[in-house]
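*Asks:* Any chance you could fold what I've pasted below:
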Amino acid sequence: IIQGDGASATERSAFADMLKTIEVMEADLKAASGGNDVQPVSDLLQLTVKMRGQHGRFKDLMQKIKEANPGVEIDHRKTTKALYRMIEKAVLKCDEDKRSTVLLPGTLLDCGGILDVLGCLIVCENFVLMKDVVLCLKQNLTAEDGTPMCRIKNRWKEGTGGGWKDLMVSCKVGGLVFEI
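*Replies:* Model prediction:
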């Protein structure tokens, strides 16, 4: 992925180590739970209010990651995902048998599958720092600490339709799923 772009041997090694760590994280998650990637609340307004209520705890957790990795930038989403976008996602991605909230007469809406209501970006300048952040996430997102990892999207394996690659990790804080 990074061959031929001027990356140093140190960065190529860090990138390879990071990919191995991500594979271990994916295997651990699958073995532990298979990935429990649903919100505990499916009602749109209840979910939004509960997410805002846990946002401070999530920010504190991300501050811990930042302090352990000098040089990273944490860019928190300032507001929840727009309500119209949450409705759109719920309508397009929900399981009709599990809908629970009435949107319009005769139409139900289940927002339990919306896992990016609130979150942040962790911006790393290089692969060495990125590897360190991934290790830190692995060590800090644990059930023992009440912030278990519940989903991993390794887009280093296969990029997005837009052609960019990254890692998305979801964790639970106060039982709610936040996206990193």
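*Asks:* Let me see the ranges of the helices in this structure.
*Replies:* 9-32, 44-68, 83-93, 127-140 (DSSP state H).
*Asks:* is it true that Lys165 touches Met130?
*Replies:* No: counting by CB atoms under 8 Å, no contact exists between Lys165 and Met130, whose distance comes to 11.3 Å. C-beta here means a position set from N, CA and C on the backbone, and glycine is covered the same way.
*Asks:* quick one, which of these two is more surrounded?
*Replies:* A direct count of neighbours by other CB atoms under 10 Å for Lys165 and Met130 places Met130 higher, at 22 against 14.
*Asks:* gap between the two ends of stretch 154-165?
*Replies:* Terminal residues of stretch 154-165 lie 8 Å apart, using CA to CA, to the nearest Å.
*Asks:* Now tell me what touches that stretch from outside.
*Replies:* Here stretch 154-165 makes contact (CB atoms under 8 Å, 6 or more residues apart in numbering) with 1, 19, 22, 26, 166-168.
*Asks:* Now do Ile180: how many residues are near it, please.
*Replies:* Neighbour number of Ile180 under other CB under 10 Å is 20.
*Asks:* about what we covered before: which one of the contacts of stretch 154-165 is nearest to Arg85?
*Replies:* Met168 (17.0 Å; CB to CB).
*Asks:* Report the contact partners of that closest one.
*Replies:* 151-153, 155, 179-180.
*Asks:* out of those residues, which are buried?
*Replies:* Neighbour-count burial (16 or more other CB atoms under 10 Å) is assigned, among the contacts of Met168, to 151-153, 179-180.
*Asks:* wait, which of these is closest to Leu141?
*Replies:* Looking across those and measuring by CB to CB, the closest to Leu141 is Ile180, at 8.5 Å.
*Asks:* Output the lowest mean pLDDT helix or strand found in this protein.
*Replies:* strand 101-104 (a mean of 52; mean pLDDT, DSSP states H and E).
*Asks:* Redo the contacts of Met168 as TSV? Include distance to Leu135 and pLDDT.
*Replies:* TSV is the format used below for the contacts of Met168 (distance: CB to CB, whole Å; pLDDT from 0 to 100):
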residue	distance to Leu135	pLDDT
Arg151	18	92
Ile152	14	93
Lys153	18	92
Arg155	19	92
Glu179	19	96
Ile180	14	96
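*Asks:* So which of these are in strands?
*Replies:* Per DSSP state E, strands hold the following members of the contacts of Met168: 151-153, 179.
*Asks:* quick check, nearest of those residues to Gln46?
*Replies:* Using CB to CB, those come closest to Gln46 at Glu179, 18.8 Å.
*Asks:* What residue, apart from its backbone neighbours, is nearest Asp75 spatially?
*Replies:* Nearest non-adjacent residue to Asp75, counting by CB to CB, 6 or more residues apart in numbering: Leu121, 4.3 Å away.
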